[in-house]
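Asks: fold the stuff below for me.
(4 chains)
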2 protein chains.
Amino acid sequence: MRKEIKKNAAIELNPNVSVDCVIFGFDFDKLNVLVINRESVDGVQWALPGNLIYDDEHLDQAANRVLAELTGLQHIYLEQIGAFGDPNRISKESDRSWLQSIRAQPEARVITVAYFSLVKMEDYQPQASSFAKSAEWIPVNEIRELAFDHFDILQTAKSRLKQMIKIRPIGFNLLPEKFTLSQLHKLYESILDKPLDKRNFRRKIQKLNIVMSLEEKQSGVPHKPSQLFMFDKEHYLLLTQNGFDNFGF
Amino acid sequence: MRKEIKKNAAIELNPNVSVDCVIFGFDFDKLNVLVINRESVDGVQWALPGNLIYDDEHLDQAANRVLAELTGLQHIYLEQIGAFGDPNRISKESDRSWLQSIRAQPEARVITVAYFSLVKMEDYQPQASSFAKSAEWIPVNEIRELAFDHFDILQTAKSRLKQMIKIRPIGFNLLPEKFTLSQLHKLYESILDKPLDKRNFRRKIQKLNIVMSLEEKQSGVPHKPSQLFMFDKEHYLLLTQNGFDNFGF
DNA sequence: GCTCTTTGTGTCATTTTAACACTTTCAAAT
DNA sequence: ATTTGAAAGTGTTAAAATGACACAAAGAGC
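Replies: The predicted model follows:
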């Protein structure tokens, strides 16, 4: 669908502006991030899904398109992190040669606009396509290096996430419809990267009035089954819009 | 100095990426923002200082350069707000004709990276040059319209500022070396756009340990002279680096 | 029925918050 | 010299939020 328009010659990839996506997922144990793989001589090299934008595209649209093209993930609310544009961002030889293989103007100065999002891992099975050889979830804490300036971008995304979780009830995007407070608890601990007192956490969450306890309980677990919860959508939306002060763990 | 390099043909303005600067100043009464003027048939039209970047420039450098070229303001710490890039951002006819007069490729798709900063108004007398006909401080609340998407950018900058003042002791950039707590109080009220209780405000500020009372007092004022304060630089830096939770007015 | 594992719950001392009004000090005017 | 106007400066209290802390309950598997 994009391709037809592209033939129209007026609308081409803009060689100077790209988008990159930092997609966080949660596996009930730790934070993961979605990366794509390029094969190189020196072995595997991970990168964030990203590519150039088209001249007639909104940045947000471009981010969604690129993400879908490379990983198959669609219909995701992406929030902008900011622009990154070190003129020397292509410092590694491996980056340079990779660009040679995928870009019409591999030497062009590129500034990239980074986006991030939080998704339920179970809902999205990444499927690599286009120039991505594979697309995988990798635990955030295991990542030591990424292509280009993607490692910087990831760090920025992580710290943005830390700030945001104190102000808005995000993080709920990362959990399935029905969830336990323990899962939510662990999620907050993963994002903030520090332990939180269980009782105080529960008290605080409940006071926000965004979770409703269901009749249902966990079953099949070899221990006391946990109460399941859902979001109270009304309050949830309200808080998402207004934000909240003082959620200071 | 930039010009010599420019003749070198290899390094040119990048037609697709610009920077815009939102510079806030405080006149002890209200927030102001620095805008430049372009003359148009329909009268005055304000814009944020901004222009295209060079291909070899860091974005942050570009922002500083452009700001200096258009308004004379130099040595200002600029913080990025984000990228703006609606492909239809040039919707007004007046914007289009202005671009015709200043850009080599007036129709090019542009994405702009916005920056903001806080300065002491008294320290910086804007001096228009380049394509800016004038450069002036305008009260933020009086601005109803700006060129391109600059009004959006301003709104984003304002709300970013609101968030930030709760987390970091910025705002001090906006005051002279010696200041009164009333001035600081009014500044916080201007930024947060709501009244704050005087006594509670003072208590809270003092607990942060970033202001030191001087021996000196105001003089020549037709009312009880106010104690003057300075920043305790050590604590100030510490807090600027670490941020602080729970400064929730 | 014993063991293992995770859930779920309450109190208390301390700190933080928000609301609220009157006296002090100076310059200017009379 | 006295008055007036205008902003500075100061403390208490009741309510809410925080952080620290430990043990019983429920189910699965053996």
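Asks: which parts of chain A sit against chain B?
Replies: With C-beta under 8 Å from any C-beta of the partner chain as the criterion, chain A comes near chain B at residues A:14, A:16-17, A:55-59, A:80-83, A:85-87, A:109, A:111, A:113, A:163, A:166-167, A:245-246, A:248. (C-beta placed from N, C-alpha, C; glycine too.)
Asks: just the ones in helices from those residues, please.
Replies: Among the residues of chain A next to chain B, DSSP state H puts A:59, A:163 in helices.
Asks: filter the residues of chain A next to chain B down to the buried ones.
Replies: The neighbour-count test (16 or more other C-beta atoms under 10 Å in any protein chain shown) marks A:14, A:16-17, A:56-57, A:59, A:80-83, A:85-87, A:109, A:111, A:113, A:166-167 as buried among the residues of chain A next to chain B.
Asks: keep those, but drop any that are not near DNA strand D.
Replies: Among these, no residue is within reach of DNA strand D (C-beta under 7 Å from any atom of the strand).
Asks: these in strands, which ones?
Replies: A:14, A:16-17, A:80-83, A:111, A:113 (DSSP state E).
Asks: residue A:227: how many residues sit nearby?
Replies: 13 (other C-beta atoms under 10 Å in any protein chain shown).
Asks: which residues in chain A form helices?
Replies: Using DSSP H, helices in chain A cover A:2-7, A:59-71, A:93-102, A:150-165, A:181-192, A:198-207, A:233-242.
Asks: mind putting those in JSON lines, mean pLDDT included?
Replies: Conversion of those to JSON lines gives the following (pLDDT from 0 to 100):
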{"stretch": "helix A:2-7", "mean pLDDT": "44"}
{"stretch": "helix A:59-71", "mean pLDDT": "98"}
{"stretch": "helix A:93-102", "mean pLDDT": "91"}
{"stretch": "helix A:150-165", "mean pLDDT": "95"}
{"stretch": "helix A:181-192", "mean pLDDT": "96"}
{"stretch": "helix A:198-207", "mean pLDDT": "95"}
{"stretch": "helix A:233-242", "mean pLDDT": "81"}
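Asks: residue contacts, the closest residue to residue A:177 other than its chain neighbours?
Replies: Leaving out its chain neighbours, the residue that sits closest to residue A:177 by C-beta to C-beta, 6 or more residues apart in numbering or on different chains is residue A:230, at 6.3 Å. Shown in contact with residue A:230 (C-beta atoms under 8 Å, 6 or more residues apart in numbering or on different chains): A:177-179, A:211-212, A:214.
Asks: what do you get for residue A:187?
Replies: Residues in contact with residue A:187 (C-beta under 8 Å, 6+ apart) are A:26, A:171, A:174-175.
Asks: thinking again about what came up before, which of the contacts of residue A:230 count as buried?
Replies: A:179, A:211.
Asks: closest to residue B:206 among the contacts of residue A:230?
Replies: residue A:211 (38.2 Å; C-beta to C-beta).
Asks: pull the contacting residues for the closest residue in space to the closest one that isn't next to it in sequence.
Replies: Spatial nearest neighbour of residue A:211, chain neighbours left out: residue A:229 (4.5 Å); criterion: C-beta to C-beta, 6+ apart. Counting by C-beta under 8 Å, 6+ apart, residue A:229 touches A:178-181, A:184, A:211-214.
Asks: residue A:229 pairs with what?
Replies: residue A:179, residue A:213 (DSSP bridges).
Asks: report the separation between it and chain B.
Replies: 26 Å (C-beta to the nearest C-beta, to the nearest Å).
Asks: for chain B, see how far away residue A:28 is.
Replies: For residue A:28 relative to chain B (C-beta to the nearest C-beta), the value is 27 Å.
Asks: OK, now which residue of chain A is nearest to DNA strand D?
Replies: residue A:224 (3.0 Å; C-beta to the nearest atom of the strand).
Asks: related to what we said a few turns ago, and the ones in strands among the buried ones among the residues of chain A next to chain B as TSV, adding pLDDT?
Replies: Output for these, formatted as TSV (pLDDT from 0 to 100):
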residue	pLDDT
A:14	96
A:16	97
A:17	97
A:80	98
A:81	98
A:82	98
A:83	98
A:111	97
A:113	98
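Asks: can you read off the backbone torsions of the residue nearest to residue A:72 when sequence neighbours are not counted?
Replies: Excluding its sequence neighbours, the residue lying closest to residue A:72 (C-beta to C-beta, 6+ apart) is residue A:127, at 3.6 Å. Main-chain torsions, residue A:127, degrees, to the nearest 10: phi -130, psi 110.
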